[in-house]
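> Starting from these lines, generate the structure:
(2 chains, ligands or ions: 2)
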Amino acid sequence: MDAPGVVVIDAGADVVVIGAGMTGAACAYYAARAGLTVTVVDRAGVASGTTGAGEGNILLSDKSPGPELSLALHSVALWRELGETVGDAQIELERKGGLVVAASATEHDTLAAFADRQRAAGVEAHAVASHELPGYEPHLSPHLVGAVHYPQDMQVQPMLAAAHLLRAARATVLTGTCVVGLLRDGTGGIRAVRTDHGLLPTSRVVNAAGVWAGRVAALAGVELPILPRRGFVLVTQPLPELVRHKVYAAGYVANVERSTAGLEISPVVEGTRAGTILIGSSREHVGFDPAMSLPALRGLAAAAIRLFPILAGVSAIRAYRGFRPYSPDHLPIIGADKNVPGLYHATGHEGAGIGLAPATGHAIAALLTDRRPHVDLRPFAPERHHVHL
Amino acid sequence: MSTYDLVVIGAGPAGLAAAVTAADAGCRVAVLDAGPRPGGQYWRHRSGADAHSHTDWAVFAGLRARFDQLHHHPDAALWFVESRPDDVGPQFAVHTHSTVVYGRRLVIATGAHDRVVPFPGWDLPGVVTAGGAQALLKGQGVVFARRVVVGGTGPFLLPVATGLADAGATVVGVYEANDPVRYARHVGAVLGAASKSTEAGRYGWRMLRRRVPYRRRTAVVAAHGDEQLTGVTVAAISPLGSVVPGSERHVGCDGLAVGFGFTPQVEVAVALGCETFMDRDGSLVVRIGPDQATSVPGVYAAGEVTGVGGAKLALVEGHLAGDAIARSLGRAEPLRAGERSRLLRIRRRLRRFAAALHAVHPVPAFWPDLCDDQTLVCRCEEVSAGAVRQAVRELSAGDARGTKLLTRAGMGWCQGRTCGYATACLTAREAGRPVSSVDLQGHASRTLMQPITLADLAGDD
Ligand SMILES: Cc1cc2nc3c(=O)[nH]c(=O)nc-3n(C[C@H](O)[C@H](O)[C@H](O)COP(=O)(O)OP(=O)(O)OC[C@H]3O[C@@H](n4cnc5c(N)ncnc54)[C@H](O)[C@@H]3O)c2cc1C
Ligand SMILES: Cc1cc2nc3c(=O)[nH]c(=O)nc-3n(C[C@H](O)[C@H](O)[C@H](O)COP(=O)(O)OP(=O)(O)OC[C@H]3O[C@@H](n4cnc5c(N)ncnc54)[C@H](O)[C@@H]3O)c2cc1C
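Ligands and ions are numbered 1, 2, ... in the order given. I've put the predicted structure just below:
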């Protein structure tokens, strides 16, 4: 039994989700829809982690055929449903489509071949000739040689999406509550979650702690190899609509441009409902270094101007950074922990955790209620990394 | 690229004093300021202006005479700061729109701006901050309206009202929400800063001469007008800080200057990772040690950024910072030990006085209740008080960063300079707890300290 004086702060939910980011919110939502009672804990606030420090692209366009694309295809279908249930406007879900542009003939060939393979896997992708580009994006650089239009790409406001899914789940949300321990019973299964405010009795826990999920797993004595990949986003002054789609360079998919060792700039340019344009994002392996990097911001500005020369005279008013959670093989980790009965992991989505959240939550809910997940989860199994440990 | 011993950000009393003291000891010093002329808020002046309207102009003239030998960058707003330590020690790169300046030490002397507290009608044309009214007057010689009401709290309302009256405006009334008679309770602190109270007496005398009515425990609770301000509602405030029901009355005016104290501009410190805390007046300020050093090696802070305390305190802190930096670089000792301990004594006394003023002039407790759900909080992104409350109540936003992410309050042009304090307070109030430094920090980080065009950003080295 627990030591005297230990406070139990929750009546005992069927499942406790650790992390109120996009992933945790989606897990809570689908678990609740499957009939479970859910408590969500976050040491800070809703969307206070990477979800509040990234962008909201829901992309098929950047994914090559394979397990991640299957997850993404299911997610896109679920996002459409969510937009209808919660309201597109509430979560600023915009079905605007993506436009991937090529700057050279070689880039164009690579892009066209890539799109062919995607089409075979069920992605809608239409070739756009250079003379048609102004019809899609009037302000694009005239030097581009062509593009592929991906009508299924969407955009969402991640913080609002997480908050509204939690609300729709009617989950108990405990913010400012840090998980400090996972208590096990005699057979090794989960018995309760220990927080800095007291105990949450439960037999099932979803670890959706994003880039910090490795530390949460360690509380159960499990190693989960999740690492941070830093990224910056630039925000411009509010403008009348200049950019209609999510526009990015083919280099993003093929071979990301390198300006400084370790720093990769792959510009995605998109308008938001507030009229600002987001220019993201950079990728660096620098641990949790919080410092703003001027080379990264410069690279983003230069890359955006190359796509949209008109942006040269537009002001950036803000920049922010976040840490993407990634695993060694760059695939998410979704599934039950083989070593700890009752523990499930949902993390490691790197730069696609917003887009992939619904399919992830849907799959976790299936596992929690002993149903077969819609997507084959074997490629995402937590134990695949065990060999590397 | 040349590296200065010291780069001072801000040429107000604190920055000037730091720069001159360090330069006198042989340091190579550069001073950057967003404005066209040195002087900061306190000695803001038009080109060619002389002593007339300014307090302590002789002190300024003395500093400026020595200051002219330094590398002064006017019209140089800093938009980014980097820490780039090398084997010699700390080094900083300070980016302005026209140049990059490198320094081994940094003094953050960026002062404060008006603290804005919303109320119904605060966003009407004709309503300005007290500091804004004063800056127009001092900087451009412009009187912002003809029939003016001055409201809010703090001793700063007096110079603003007399300044406007002297320049030809009709000041219909000065409404002080608190009760300055309570100064008496802090008599020790006041006597310790005698020159301050005679300063207040001088303003009182000038107000009397101009027949400016002055009401204590009275506040402007709403501003009215369709396109333009036509009048305000004023009401009596109870000793507990709430509006006395039935005491409301209308006052006609075409200008309202409101002042609820100041918010220090701490973003340079925050960007460099300096420790901050919530001061007694509810502002986020930079934590400093005895020699004005922040928690980050090589970075010093002086003036309002370390706690709002007025121009004299800013000067003293600047001298102390300049002195400590010169010593840390092994230069000649600019201040003799006796002079240094004298300054430390003055600093202690002025801080006590500032604390007493903060105690007498708190931001009144009633203001969040004045804001109905339609009252705008963030003008740039058009976020209402109701939207902030809803984010807390329905979307589980727990702190001010949460309400910012969910409503966009503070994400627009001004980057939360105007609405940050109010959003933090409304969030905490709705969450049923006092405001914390975490709330304030949610609106204090501005990685780009000024807007910059993408072309300039891409091309700057
Ligand atoms: C610059 C940038 C751009 C991006 N752009 C996109 C994009 O366009 N599209 C896209 O799909 N993805 C994008 N991403 C990636 C996406 O943001 C992430 O994959 C996603 O936010 C991860 O969500 P999460 O819920 O798993 O993690 P998080 O949002 O980080 O949530 C984890 C939560 O767990 C909490 N937590 C951690 N430890 C504990 C503990 N011990 N106790 C309690 N709580 C704890 C944290 O406080 C946090 O709130 C981008 C990322 C970055 C950095
Ligand atoms: C209208 C008004 C009247 C006042 N009257 C009195 C009075 O009667 N008595 C009294 O004791 N006090 C008075 N004060 C307060 C007094 O002005 C301040 O205490 C004093 O100016 C603080 O000095 P400082 O050096 O800390 O900051 P400031 O004087 O505010 O100087 C800060 C400087 O930093 C610059 N700066 C800020 N950010 C940047 C950036 N990113 N890049 C470049 N430069 C930057 C600004 O342009 C400014 O020049 C008054 C204040 C105001 C606003």
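
> What residues does whatever residue of the stretch 251-389 of chain A ends up closest to ligand 2 make contact with?
The stretch 251-389 of chain A approaches ligand 2 most closely through residue A:317 (13.8 Å), counting by CB to the nearest ligand atom. No exception for glycine: its C-beta is placed from N, CA and C like everyone else's. The contact partners of residue A:317, by CB atoms under 8 Å, 6 or more residues apart in numbering or on different chains, come to A:235, A:236, A:237, A:276, B:412, B:413, B:415, B:448, B:451.

> Out of the residues you listed, grab the one that's most surrounded.
Ranked by the number of neighbours (other CB atoms under 10 Å in any protein chain shown), those place residue A:236 first, at 26 neighbours.

> Tell me the residues of chain B that contact ligand 2?
Residues of chain B lying close to ligand 2 (CB under 6 Å from any ligand atom) are B:9-15, B:32-35, B:40-42, B:55, B:77-78, B:109-111, B:131, B:134, B:156, B:159, B:265, B:303-304, B:310-312, B:314, B:449.

> please redo it, this time with the cut-off set to 5 Å
Counting by CB under 5 Å from any ligand atom, the positions of chain B adjacent to ligand 2 are B:10, B:12-14, B:33-35, B:40-42, B:77-78, B:109-111, B:131, B:134, B:159, B:303-304, B:310-311, B:314, B:449.

> so residue B:7 sits in a helix?
No - the assignment for residue B:7, made by DSSP: H, G, I helix; E, B strand; the rest coil, is strand rather than a helix.

> buried stuff in the longest helix along chain B?
Taking DSSP state H as the criterion, chain B has its longest helix at helix B:337-360. Judged by neighbour count (16 or more other CB atoms under 10 Å in any protein chain shown), helix B:337-360 contains these buried residues: B:340, B:343, B:346-347, B:349-360.

> ditto for stretch A:123-141
In stretch A:123-141, counting by 16+ other CB under 10 Å, buried: A:123, A:125, A:128, A:130, A:133, A:136, A:137, A:140.

> can you give me the end-to-end distance of that stretch?
26 Å (CA to CA, to the nearest Å).

> Kindly report the same for stretch A:237-250.
26 Å.

> touching ligand 1 at all, that stretch?
No - shown here: stretch A:237-250 not in contact with ligand 1 (CB under 5 Å from any ligand atom), separated by at least 8.3 Å.

> Now the closest residue to ligand 2 within the stretch 151-300 of chain B: which helix or strand?
Nearest residue of the stretch 151-300 of chain B to ligand 2 (CB to the nearest ligand atom) works out as residue B:159 at 4.6 Å. In this assignment (DSSP states H and E), residue B:159 forms part of helix B:157-166.

> Mind giving me the packing neighbours of that helix?
helix B:130-140, strand B:147-152, strand B:170-176, helix B:194-209, strand B:255-259 (3 or more CB pairs under 8 Å, 6 or more residues apart in numbering or on different chains; DSSP states H and E).

> and of these, who's closest to chain A?
The closest of those to chain A is helix B:130-140. By CB to the nearest CB, the value is 20.8 Å.

> In strands, which of the buried residues of stretch A:123-141 appear?
residue A:128 (DSSP state E).

> from the buried residues of stretch A:123-141, which is closest to residue A:227?
residue A:123 (28.7 Å; CB to CB).

> count of residues packed around the closest residue to the closest one other than its chain neighbours?
Excluding the flanking residues, the one nearest residue A:123 by CB to CB, 6 or more residues apart in numbering or on different chains is residue A:60, at 4.9 Å. Residues lying near residue A:60 (other CB under 10 Å) number 23.

> and residue A:60, what does it touch?
Contacts of residue A:60 were listed using CB under 8 Å, 6+ apart, and they are A:69, A:72, A:73, A:76, A:98, A:118, A:123, A:150, A:152, A:153.

> Show me what the residue positioned nearest the centre of chain B is bridged to.
What sits nearest the mean C-alpha location of chain B, by CA atoms, centre = their mean, is residue B:112, with 2.0 Å. Counting by DSSP bridges, residue B:112 is bridged to residue B:264.

> wait, what's in contact with it?
Counted by CB under 8 Å, 6+ apart, residue B:112 has contacts B:41, B:262, B:263, B:264, B:265, B:283, B:304, B:305, B:308.

> and if you look at residue A:330?
residue A:350.

> And the pLDDT for it?
On the pLDDT scale, residue A:330 is placed at 90.

> Which of the helices or strands spans it?
Going by DSSP H and E, residue A:330 is not in any helix or strand.

> Check the spacing between it and residue A:225 real quick.
Residue A:330 sits at a distance of 12 Å from residue A:225 (criterion: CB to CB, to the nearest Å).

> What's opposite residue B:89 in the beta bridge?
residue B:86.

> Backbone dihedrals for the residue of the stretch 101-250 of chain B found nearest ligand 2, please?
The stretch 101-250 of chain B approaches ligand 2 most closely through residue B:111 (2.2 Å), counting by CB to the nearest ligand atom. Dihedral pair for residue B:111: phi 70, psi -150, per degrees, to the nearest 10.

> dump the residue contacts of it.
B:10, B:12, B:14, B:40, B:41, B:264, B:265, B:303, B:304, B:305, B:314.

> For the residues you listed, which single residue is the most surrounded?
Neighbour max across those (other CB under 10 Å) = residue B:303, 37 neighbours.

> Just to check, that residue is in contact with residue B:8?
No - counting by CB atoms under 8 Å, residue B:303 does not reach residue B:8; the two are 10.6 Å apart.

> what's the burial count for the residue of the stretch 151-300 of chain A found nearest ligand 1?
Using CB to the nearest ligand atom, the single residue of the stretch 151-300 of chain A nearest to ligand 1 is residue A:210, 2.4 Å away. For residue A:210, the neighbour count with other CB under 10 Å is 27.

> Ok, residue A:196 next?
With other CB under 10 Å as criterion, residue A:196 counts 11.

> nearest residue to residue B:160 other than its sequence neighbours?
Leaving aside its chain neighbours, residue B:160 sits nearest to residue B:130 (4.6 Å; criterion: CB to CB, 6+ apart).
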